[in-house]
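Q: The amino acid sequence is not available; the structure is as follows:
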């Protein structure tokens, strides 16, 4: 029996104090479709970067064709036939499809001059090889995501790779596009090229891969032929917990008044006639594909879409949410999806980040009362169980999960009535994720906080919400109690919309 | 998307060309004097320096940066070269332009060092180097203007070379400056560089995304040094050419010119986010700007409005390109 194409043996990798990979062993055979599964922050990206030579392991060894390779570099990895298609595709949106395809081979051949005829010939060959149809002269940025992906795949195949690593290739694709991608992947496989398919979506793994390796917190927790797994087994391996056990059960309090009532909310071209009601203590999931209007809904409620039509009532009183300040005054808090650019002041300390929205409340005659501020911040660090010895550390020193707790804690200091979370655990590691979930449920239950949770992560919604809304093209298409749905049913509903 | 909108999107030059034609026709209708050869020739002549400097800025903007140091570099190169020509008594064209270009090149490389090695924002770097170089020239080299009586005669002679001349209806003779040809040659060279060399494509790639450019195998350091070095060299050359054309070397010249030039480049369809723009667009943008600002007189508008117009053009053109590019960035 010949040696596997690529083999990792007991690989370990640390960054500062963080153990990203620990004792990871993995082998990929020739022409095999291998799935690497794991949640965000599980170490998947680090593993890809070790294989592609971006980072070198601290421990263990990397073998290609049974030969030990020391000091792997990106260039060496490419020479050994390893090609990576990153999530962002690394394409040039401002250049044509043909040029995107031809650039790397032209550079590798050391060409100094550009012959546009040759560029087109190279590109034509690359596209024919993949058996797809792409407009050679179109700028890449004008293509849909699936088209960009095909350009990236065609480009990767030009160097006759033996292993194609695809990082979360289905993230922004519709159901039909995923099916088309799988056809391409199988076609690639039929030419003897191995594919390492990195994903966290169960259904896809079961459909496409032959072998599966699951990593969690930097360790391999399950591996084997795909036939040995089912969805439940993969979930268990990925999360390390039985998910279905928990869940959020909400009972309406006797004669409680609705916290938020939205009637016929419309933003032309983005939201149409959306009506919903949030009772105190409810956690309502909001799902939908990209562009469904779910973020617009959040922004409208947070006063960032002042031109909306429709009526919004908070605790029975009609309000006009035409500015962020107005929304905050009415007790609405919003934790954006991209906390690094929208939520945190990265150059500042944990305390200052925590207090960012409370300064008005903490000031007397325009001067912040520092004693009270420090007490509040320290109290919230405790309440949100943020892992830091003191609040004067830079917020950048915290892990993703702890940063998210800072953003949420900041809003809780304002004592909000309605908390809108957009992708509350994107980029947060698994352990921290369930901690944040527990905290959100506890807040809703204990404080009677209403929560709107926007997420792509269906298990997250099923686990935490008592009702789940699905938006599509700006319309509310379903509103289902969580008992009446499941991750599978939601997944199918979304796939059908795509 | 309709066919016309798509054509504009793929070829932003068409948009500038349309604006230019519209402007020219409008001005020509208001005052037919516009069509006199002397006016047309003087407009072409006036667009030479703005245009050449625009090509320097184009290189930097394509890569996603911005340059505001070039007027200072141009003046420094011009003033130092003219001073040297007078002091050392050399009065020949080629060494003079080689010297001015070399000074610009060196200064441009300084920008590249800051941008590449210290990863500083190009705006801040070029603001700093531009101000420092201007200060150095005035403080150390001199503040006095060198007038036509002291200017090296060969330089003046070169600056007044004409391609051809025609006799106007009124009987007066008017000629087209040969500097237009110099401009055309530089523009052609930059066009060939950008369009037909890997170095040039590397500039576009860098503007499309630095990380992607690195992954695909472009040498980012080489590209950055090429961009800023070449931009500096072009500025130095244009500085001396400017001196030759106006027969004076004034160390306080070209103050505020960066805005006009950037306006011309943006008007020519270059993106402030990098990655798009062309030589043809920049030439058309430069012409449009010069036509608009220089025609205020024959339109009967007070020239003090010139700066207002330039400011508004910058805002309008940037808004238009930003609006165009917004979708791509999102």
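A: Arrived safely, thanks for sending. The structure presented is a predicted model; accordingly, all values stated were derived computationally and were not measured. Numbers count the residues shown, from 1 in each chain, chains lettered A, B, ... in the order given.

Q: and chain B, which of its residues are near chain A?
A: Proximity of chain B to chain A, by Cβ under 8 Å from any Cβ of the partner chain, involves residues B:10, B:195-201, B:204-205, B:207-209, B:211-213, B:215-218, B:271, B:274-276, B:328. All C-beta atoms are positioned from the backbone trio N, CA, C, and that covers glycine.

Q: cutoff 10 Å now
A: B:1, B:6, B:9-10, B:62, B:192, B:194-202, B:204-209, B:211-219, B:271, B:273-277, B:325, B:327-329 (Cβ under 10 Å from any Cβ of the partner chain).

Q: Any of those residues buried? List them.
A: B:62, B:194, B:198-202, B:204-209, B:212-213, B:216-218, B:271, B:273-277, B:325, B:328 (16 or more other Cβ atoms under 10 Å in any protein chain shown).

Q: In helices, which of those fall?
A: When those are checked against helices (DSSP state H), the matches are B:62, B:194, B:198-202, B:204-208, B:212-213, B:216, B:325, B:328.

Q: how about residue 160, phi and psi?
A: Chain wasn't specified; assuming chain A. When quoted as degrees, to the nearest 10, the phi and psi of residue A:160 stand at phi 50, psi 60.

Q: try again with chain B
A: phi -100, psi 10.

Q: That one against residue B:245, yeah?
A: Yes - using Cβ atoms under 10 Å, residue B:160 is in contact with residue B:245, at 8.1 Å.

Q: tell me, what's touching these two both at once?
A: Taking Cβ atoms under 10 Å, 6 or more residues apart in numbering or on different chains as the contact rule, residue B:160 and residue B:245 both touch B:177, B:179.

Q: These two - which one has more neighbours?
A: Neighbour count, other Cβ atoms under 10 Å in any protein chain shown: between residue B:160 and residue B:245, residue B:245 has more, with 20 against 14.

Q: Surely that one and residue B:158 touch.
A: Yes - using Cβ under 10 Å, residue B:245 is in contact with residue B:158, at 9.1 Å.

Q: Now do the shared contacts for those two.
A: B:179, B:182.

Q: Tell me, please, where in the stretch 1-150 of chain A the pLDDT is lower than the cut-off.
A: Residues of the stretch 1-150 of chain A meeting the criterion pLDDT under 70: A:1, A:16-17, A:40-41.

Q: Mind listing residues that contact stretch A:69-82?
A: Contacts for stretch A:69-82 (Cβ under 10 Å, 6+ apart): A:5-6, A:48-57, A:61-65, A:67, A:83-84, A:104, A:108, A:156, A:159-165, A:193-194, A:196, B:214-215, B:217.

Q: Stretch B:30-40 too?
A: B:24-28, B:42-43, B:165-170, B:172-176, B:291, B:294-295, B:297-300.

Q: same thing but at 7 Å, please
A: Stretch B:30-40 is contacted by residues B:27, B:28, B:166, B:168, B:174, B:295, B:298, B:299 when judged by Cβ atoms under 7 Å, 6 or more residues apart in numbering or on different chains.

Q: Which members of those residues are classed as buried?
A: B:27, B:174, B:295, B:298.

Q: and the second one, what does it touch?
A: Right, the one you point to is residue B:174. Per Cβ under 7 Å, 6+ apart, neighbours of residue B:174: B:37, B:38, B:41, B:165, B:166, B:168.

Q: Moving C-terminal from the helix or strand that contains residue A:9, which element do we reach first?
A: Taking DSSP states H and E as the criterion, residue A:9 maps to strand A:6-15. Proceeding N to C from strand A:6-15, the next assigned helix or strand is strand A:18-28, under DSSP H and E.
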